[in-house]
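Peer 1: Need coordinates for the below:
(chains A and B)
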Amino acid sequence: MSTTRRSITRFDRFRASVACGTLLAGALGLTVASTGAQEQIYDPTKIPALEGTWDGTPRARPVNSETVPWGKDNFPVLNERAKAYQKVFDEALSPKYDCQPSSSPAIQYDPYSMQVLQWPDRVVFRYEKDDQIRTIWLDGRKPTIYDWGLQGFSVGHYEGDALIAETDHFVFDITGFDDYNGIPSSQLKKVRERYWREGQELKVTVTVEDPMFLKQPASYTTRWLPQRPGYKLSAWDCDPEASRAPVKMMPQKYKD
Amino acid sequence: MNLRRWIEVGSVAVIGMVGLTAVPAIAHHSAAPFYDATKKVSAQGSVTRFLFKNPHSFLYFESSDDKGQKTEWQIELGPAASLTRTGWTPETLKPGTAIKAEGQPSRAEGSHGMCCAKITKPDGSPIVAGGRVTEEQQPPR
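Peer 2: Numbers count the residues shown, from 1 in each chain, chains lettered A, B, ... in the order given. Here you go, the predicted model:
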């Protein structure tokens, strides 16, 4: 009886020690991601400082267009299927004229501001345009069948001075590559982002692969500048009427 | 008055002289399919509605020709998110305000739209005292 009591006591002491250790680690800002292969210790002093509100307007980089950020040097090599889609593409088809947000790899280049939050188990990107929020999970979790979506499902990890984010589980999007060139993206789209700091700038290289439409991966690199202190992202609240209003100013490709 | 105060006063004076200018439009869609950058069109009339929204703002006004035939025009402007930061508000162009607009005409047959417009009072003077209201580039998308 006394042996059993001693055993329980030792076990309880062991559990208490583990609990105290966990609490202490939490208090010190050290959190152990406990699941998955990408297990790593979170130490805010040892990860790249990406947090903040970042300016992606023309102050930081050229505005997106038919040739930006995909120009002659990095324009994707399209397969026959993609070219066929391009040929029949009609600007009025573009979901953005009904307030559907853009997705990767276009959303990173929209000429507005974004906010980055770094938490132990995730990095959150909040985009001013279209009120979009993306979560990059750092805890090793895997997507489920419920994780298909416009922005896909993102996991990530820190690699030296960079955050690596990898996203899949995108739904088909008729303008999912970008919204200027009529190139769609499929459920096979995968996007890899590498974020790092260069002085005051936040930089990213975005690489997209989609064997349904691209013959090989394509990528671009761009930057944000720090927003002025105190800047708050405004609500976008896309207005359906204002979103569709330009369409009637354009000659229709299809007559009925 | 210290140097900083002089700079602040000077900045306000400059803004007052230059007036209210819309920032170049922030891209949401290319203007090329919608508007013809090689042409100009102008019209004048009264504001009927100012849709101060994202992803683009729109100014509607009605013009009349010599025979009294009325036409409603649609001018595409930048997103409210950007216009706001340059001093525009939903009240900047109230219904009934007389304006003159000159810009790139819309391409659709029978449409009466323009972008990249310079908007003034009918005599060409600025709508906002001491300034002008101009969308200098094709609207952002």
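Peer 1: need the residues of the stretch 1-150 of chain A near chain B, please.
Peer 2: Proximity of the stretch 1-150 of chain A to chain B is confined to A:57-58, A:63-66, A:91, A:94, A:96-97, A:99, A:110-112, A:128-129 under the rule C-beta under 8 Å from any C-beta of the partner chain. The C-beta positions use only the backbone N, C-alpha and C, and glycine is treated the same way.
Peer 1: which of those residues count as buried?
Peer 2: Taking 16 or more other C-beta atoms under 10 Å in any protein chain shown as the criterion, what is buried in the residues of the stretch 1-150 of chain A next to chain B is A:57, A:63-65, A:91, A:94, A:96-97, A:99, A:110-112, A:128-129.
Peer 1: Break down the chain into its strands, ranges please.
Peer 2: Looking at chain A here, since you left the chain open. For chain A, the strands identified by DSSP state E occupy A:31-32, A:41-42, A:52-55, A:113-119, A:122-127, A:132-137, A:153-159, A:162-168, A:190-198, A:201-209, A:218-226, in order along the chain.
Peer 1: was after chain B, sorry
Peer 2: According to DSSP E, the strands that chain B contains are B:41-51, B:57-64, B:70-77, B:98-105, B:113-120, B:133-134.
Peer 1: could you list every residue that touches residue A:218?
Peer 2: With contacts taken as C-beta atoms under 8 Å, 6 or more residues apart in numbering or on different chains, residue A:218 has the following neighbours: A:70, A:74-77, A:207-209.
Peer 1: got any ranges where chain B has weak pLDDT?
Peer 2: Across chain B, the ranges flagged by pLDDT under 70 are B:1-31, B:128-141.
Peer 1: run the last query once more with 50
Peer 2: Within chain B, the stretches with pLDDT under 50 are B:1-3, B:5-24, B:130-132, B:137-141.
Peer 1: about what we covered before: ranking the contacts of residue A:218 by neighbours, who comes first?
Peer 2: For the contacts of residue A:218, the largest neighbour count, defined by other C-beta atoms under 10 Å in any protein chain shown, is 25 neighbours, found at residue A:208.
Peer 1: pretty sure it is touching residue A:216, no?
Peer 2: No - taking C-beta atoms under 8 Å as the definition, residue A:208 is not a contact partner of residue A:216, at 10.5 Å.
Peer 1: Mind listing the shared neighbours of the two?
Peer 2: Shared contacts of residue A:208 and residue A:216, defined by C-beta under 8 Å, 6+ apart, are found at residue A:76.
Peer 1: Need the buried ones among the residues of the stretch 1-150 of chain A next to chain B in TSV (columns: pLDDT and distance to residue A:168).
Peer 2: Output for these, formatted as TSV (pLDDT from 0 to 100; distance: C-beta to C-beta, whole Å):
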residue	pLDDT	distance to residue A:168
A:57	91	29
A:63	90	29
A:64	90	23
A:65	89	28
A:91	91	28
A:94	94	23
A:96	94	22
A:97	95	27
A:99	97	25
A:110	93	21
A:111	92	26
A:112	93	25
A:128	95	25
A:129	94	23
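Peer 1: that older thread, could you identify which of the strands of chain B is most buried?
Peer 2: Mean neighbour count, computed with mean count of other C-beta atoms under 10 Å in any protein chain shown, is highest for strand B:113-120 among the strands of chain B, reaching a mean of 24.
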